[in-house]
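Undergrad: everything below, folded, please.
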Amino acid sequence: MSANLLVELFVEELPPKALKKLGESFASVLADSLKAQGLAAADAAVTSFASPRRLGVHVAGVAAKSADKAVEQKLMPVAVALTPDGAPTPALQNKLAAFGVSFEDIRESTRRAVDGKAEFLFWKSIQPGATLAQGLQKALDDTLAKLPIPKVMSYQLADGWTDVKFVRPAHGLVALHGSEIVPIQALGLSSGRTTTGHRFEAAQAVVGIDSADSYATQLREQGAVIASFAERRAEIARQLKGAADALSLTPIDDDALLDEVTALVERPNVLTCAFEPEFLAVPQECLILTMKANQKYFPLLDAAGKLTRHFLVVSNIAPADASAVTGGNERVVRPRLADAKFFYDQDRKKKLADRIPGLAKVVYHGKLGSQGERAERVRGIGHAIVQQLSMATLPYTVEADDEFKVLDSKVKEAALLAKCDLLTDMVGEFPELQGIMGGYYARHEGLRDGVAIAIEDHYKPRFAGDALPRNHTGTVLALADKLETLVGLFGIGQLPTGDKDPFALRRHALGIIRILVEKNLPLSLPDMVDAAFGTFPEGMLADVPKAREALLHFVYERLVGYLRELGYSAQEVEAATAVRTGGWGSMPKRLAAVRAFNALPEAASLAAANKRVGNILKKVEGELPTEVKDALLQEAAERALATAIAEVQPAADTLFEQHDYTGSLQRLAVLKGPVDAFFDDVMVNAEDPALRANRLALLGRLHAAMNRVADLSKLAT
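TA: Numbers count the residues shown, from 1 in each chain. Okay, here's the model as predicted:
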């Protein structure tokens with residue numbers, strides 16, 4: 001017989017930031033265990049429940065008993081198990097006694113078979129299926145052991161002696177198979193059918209669950225609890241939108257906040273509140289952060305994205321007169337906003353430049369000095385980046401009358417001021433606002449155009465999908481800041497390991513990649529890394545060559561992953577990244593060219609030929625010959641190839657210089673015929689040294705022509 005199964009563990013208030021994961025884990029691990037034991041089908045529907053005071057799961061079509069299974073067990077070598085006349089030895093009798101059987105009972109179910117070098121005795125038997133009570137007990141034990149509990153509590157049971165360790169004290173256990181109770185135990189509790197509803201809103205404090213399928217409905221109607229995390233979240237989102245629409249405003253979009261609030265209430269009721277307009281003089285990031293982080297409120301924005309005085313509260317009660325709830329929340333938030341206004345007013349009394357000496361007292365890292373020393377290094381790296389931009393082959397235009405001199409001056413100024421907001425009261429209270437507050441204070445001081453934006457943007461991109469720095473000064477400063485972090489930490493051996501990356505070095509590397517690629521910057525990563533290493537005092541970093549190599553490899557790995565996420569194949573990415581000349585800004589065009597070339601009918605043959613050429617050239621001892629002498633072109637096929645290269649290469653090079661990489665590669669398609677004929681008719685390693693050198697030089701010219709955009713040999717299958 002099969003029926004739907006419900007399991008609920010009723011506990012004291014669970015940690016809100018962990019509730020979603022706890023609920024998902026409770027449901028998935030328990031259901032997977034039942035499926036593994038044959039008590040539920042592999043495709044059985046699983047519904048998770050998670051509220052502030054309960055974890056639950058509903059599994060469809062669970063059997064009362066799993067099917068019996070035929071099993072075969074290897075007992076022991078025949079020479080050890082049986083005497084020469086086939087009688088069981090004492091060793092076999094003892095082993096079988098442990099299973100509760102005798103050899104006479106199982107004689108007909110045994111067989112002999114060679115396993116390895118010896119003949120063994122095997123026993124075929126039927127293993128009875130597990131009852132649901134047995135299987136569910138095992139599943140629940142496994143589930144509780146594997147819950148991602150952030151911090152374990154220790155508490156005593158009612159007997160006053162027994163200690164239990166769990167995320168929060170547990171007070172009830174429900175286990176229903178259809179309408180029948182499944183007898184199991186956990187955390188000192190025995191299963192039943194009663195649970196507890198909402199603390200204040202429940203129609204009846206204790207809810208007796210009729211069946212597994214009536215659980216959610218009974219909790220909602222009798223217990224005033226929406227047990228499903230997903231349903232409760234959707235209901236909050238619906239109410240937030242409705243309340244905001246009534247004011248023609250928009251609630252702030254924050255999935256993490258929505259998850260946390262969903263974990264705080266059992267039956268949500270969204271209410272509209274407001275604060276005094278005078279607080280809107282404070283930067284909106286400060287007000288939004290204090291309302292979200294401290295009070296779990298949803299600020300409301302106008303059509304332009306500006307903060308308004310209205311905000312939404314998700315209450316866990318729905319009184320007939322909500323004024324006491326709204327008034328209470330308005331009183332609570334007022335001191336928080338007043339603190340933010342005080343911090344803002346106090347911080348503006350001191351200029352950022354006056355805070356620079358204080359950076360020398362702020363430790364950045366025990367082995368890398370202070371924030372003041374770091375600011376000087378960032379300034380040096382920024383200067384080097386500006387110099388590279390000014391000398392780049394690919395023109396790079398900046399907005400200024402004096403161009404790079406002005407950009408260099410702005411970068412140096414912004415680099416020294418960028419970390420000064422770490423010394424302000426506002427950032428001391430809300431570290432998440434670093435950079436943002438520096439930008440506000442710089443604008444308040446009237447610093448020249450671009451510097452304030454650069455200070456605000458130099459942490460960007462802060463996360464996946466974040467915007468890039470908005471101006472040239474911010475772009476250079478962001479690169480310099482991230483390079484300083486990467487070089488410093490790689491230089492002292494603090495590299496990421498596995499899933500541990502305490503200094504967010506992967507994020508810093510990806511930020512550099514995004515800036516270089518998406519802003520199409522004509523910068524060389526190795527050159528920038530070398531400049532960054534040069535800003536550190538001698539002896540501060542250990543084994544610089546090794547650290548440099550490790551860092552470049554680390555960033556290139558992130559580049560490959562980034563390009564793969566853009567939708568390019570492993571072959572295409574490998575071909576484009578193998579050519580490490582030029583800036584990464586050209587990478588999207590190179591990849592598009594590789595994809596277009598790979599679609600040509602000639603692509604496979606040329607890629608294979610290119611791989612063959614590369615292998616031949618790798619084996620050349622000494623310096624590769626470069627001069628192709630027409631007089632030594634004896635075979636018709638090698639003359640034809642030389643002619644074809646001479647005709648195609650100028651046009652392909654011109655297109656390459658114009659950054660038309662697709663056109664450049666496609667021009668090379670006409671080389672297929674001459675290349676195929678060359679390898680069919682010409683012996684490269686001729687006995688005559690002069691002839692051999694000439695043919696190697698010809699292949700070198702072919703290889704250079706074909707691999708300016710990408711290493712086409714990587715496309716060979």
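Undergrad: work out for me the element the residue of the chain positioned farthest from its centre sits within.
TA: The C-alpha centroid of the chain is most remote from D85, which lies 66.7 Å away (C-alpha atoms, centre = their mean). Taking DSSP states H and E as the definition, D85 sits outside all helices and strands.
Undergrad: correct me if wrong: L247 contacts L300.
TA: Yes - checked against C-beta atoms under 8 Å, the pair L247 and L300 is within contact range at 6.6 Å. The way it works is simple: take the backbone N, C-alpha and C, and place the C-beta from them, glycine included.
Undergrad: need the overlap of contacts for the two.
TA: Overlap of the contact sets of L247 and L300 (by C-beta atoms under 8 Å, 6 or more residues apart in numbering) consists of 308, 310.
Undergrad: so which of those two has more stuff around it?
TA: Shown here are L247 and L300; by other C-beta atoms under 10 Å, L300 has more neighbours (23 against 14).
Undergrad: could you say which helix or strand holds the more buried one?
TA: Per DSSP H and E: strand 298-301 holds L300.
Undergrad: got the buried residues for the helix or strand following that strand?
TA: Where DSSP H and E defines the elements, the next helix or strand beyond strand 298-301 is strand 307-315. Neighbour counts over strand 307-315 (16 or more other C-beta atoms under 10 Å) mark 307-308, 310-315 as buried.
Undergrad: turn these into CSV, columns for pLDDT and distance to F122.
TA: Formatted as CSV, the buried residues of strand 307-315 follow (pLDDT from 0 to 100; distance: C-beta to C-beta, whole Å):
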residue, pLDDT, distance to F122
L307, 97, 75
T308, 97, 77
H310, 98, 76
F311, 97, 72
L312, 97, 69
V313, 97, 69
V314, 97, 63
S315, 96, 67
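Undergrad: of the residues you listed, just say which sits nearest to Q222.
TA: Using C-beta to C-beta, S315 comes nearest to Q222 of the buried residues of strand 307-315, at 20.7 Å.
Undergrad: E235 versus the spatially closest residue to that closest one that is not a sequence neighbour, what's the distance?
TA: Excluding its sequence neighbours, the residue lying closest to S315 (C-beta to C-beta, 6 or more residues apart in numbering) is N269, at 4.6 Å. Separation of N269 from E235 (C-beta to C-beta, to the nearest Å) stands at 10 Å.
Undergrad: the residue nearest to S315: neighbour count?
TA: 18.
Undergrad: all helices of the stretch 51-200 of the chain, in order?
TA: Using DSSP state H, counting those that start in this stretch, the helices of the stretch 51-200 of the chain run over 78-81, 90-99, 103-106, 132-146.
Undergrad: turn those helices into CSV, including mean neighbour count, mean pLDDT and distance to S2.
TA: Shown next, in CSV, are these (neighbours: other C-beta atoms under 10 Å; pLDDT from 0 to 100; distance: least, C-beta to C-beta, whole Å):
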stretch, mean neighbour count, mean pLDDT, distance to S2
helix 78-81, 16, 86, 41
helix 90-99, 13, 87, 30
helix 103-106, 14, 84, 32
helix 132-146, 20, 95, 10
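Undergrad: and the pLDDT at the spatially most central residue of the chain?
TA: Among the residues of the chain, the one closest to the centroid is A464, at 8.3 Å (C-alpha atoms, centre = their mean). Note for A464: predicted pLDDT of 86.
Undergrad: with D210 instead?
TA: We have a pLDDT of 97 for D210.
Undergrad: and it, that's in a helix?
TA: No - counting by DSSP: H, G, I helix; E, B strand; the rest coil, D210 is not part of a helix but coil.
Undergrad: which residue sits closest to it, ignoring its sequence neighbours?
TA: Closest residue in space to D210, ignoring its immediate chain neighbours: S179 at 6.2 Å, by C-beta to C-beta, 6+ apart.
Undergrad: isn't that neighbour right up against G208?
TA: No - look at S179 against G208 with C-beta under 8 Å: they stay out of range, at 11.0 Å.
Undergrad: scan this protein for its longest helix.
TA: helix 323-347 (DSSP state H).
Undergrad: following that helix, which helix or strand comes up?
TA: Next helix or strand after helix 323-347 toward the C-terminus (DSSP H and E): strand 363-365.
Undergrad: what are the buried residues along that following strand?
TA: Residues 364-365 are the ones in strand 363-365 that count as buried (16+ other C-beta under 10 Å).
Undergrad: that one - what's its average pLDDT?
TA: The average of the pLDDT scores along strand 363-365 is 93.
Undergrad: quick one: strands adjacent to the helix or strand that that strand is followed by?
TA: Elements were assigned by DSSP H and E; along the chain past strand 363-365, the next helix or strand is strand 369-370. Applying DSSP bridges, strand 369-370 is found paired with strand 363-365 (antiparallel).
Undergrad: hmm, T326 and the residue nearest to S315 touching each other?
TA: No - under the criterion of C-beta under 8 Å, N269 makes no contact with T326, lying 11.0 Å away.
Undergrad: how about stretch 103-115 as PDB, C-alpha atoms only?
TA: Taking C-alpha atoms only, stretch 103-115 is exported to PDB below (Å, rounded to 0.1, in the frame of the first residue of the first chain):
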ATOM      1  CA  PHE A 103      24.200 -24.600   6.200                       C
ATOM      2  CA  GLU A 104      21.300 -27.100   5.800                       C
ATOM      3  CA  ASP A 105      18.900 -24.200   5.600                       C
ATOM      4  CA  ILE A 106      20.700 -22.600   2.700                       C
ATOM      5  CA  ARG A 107      22.500 -25.400   1.000                       C
ATOM      6  CA  GLU A 108      20.200 -25.200  -2.100                       C
ATOM      7  CA  SER A 109      20.800 -21.400  -2.300                       C
ATOM      8  CA  THR A 110      24.600 -21.700  -2.500                       C
ATOM      9  CA  ARG A 111      26.900 -21.900  -5.500                       C
ATOM     10  CA  ARG A 112      30.600 -22.100  -6.200                       C
ATOM     11  CA  ALA A 113      32.400 -19.700  -8.400                       C
ATOM     12  CA  VAL A 114      35.900 -18.600  -9.100                       C
ATOM     13  CA  ASP A 115      36.600 -15.100  -7.900                       C
END
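Undergrad: hmm, who's touching that stretch?
TA: Residues from elsewhere that reach stretch 103-115 (C-beta under 8 Å, 6+ apart): 74-75, 78, 88, 92-93, 96, 119-125.
Undergrad: tell me which two of these sit farthest apart.
TA: E119 and S125 (20.0 Å).
Undergrad: mean confidence for stretch 238-255?
TA: Mean pLDDT, computed over stretch 238-255, is 97.
Undergrad: residues of that stretch that come out buried?
TA: Applying 16+ other C-beta under 10 Å to stretch 238-255 flags 239-240, 243-244, 249-252 as buried.
Undergrad: what ranges does the stretch 501-650 of the chain have for its helices?
TA: In the stretch 501-650 of the chain, the helices defined using DSSP H, counting those that start in this stretch lie at 505-518, 525-533, 544-565, 570-578, 587-598, 603-618, 636-657.
Undergrad: to R54, which of the ones you listed lies closest?
TA: With respect to R54, and counting by C-beta to C-beta, the nearest of these is helix 505-518 at 36.3 Å.
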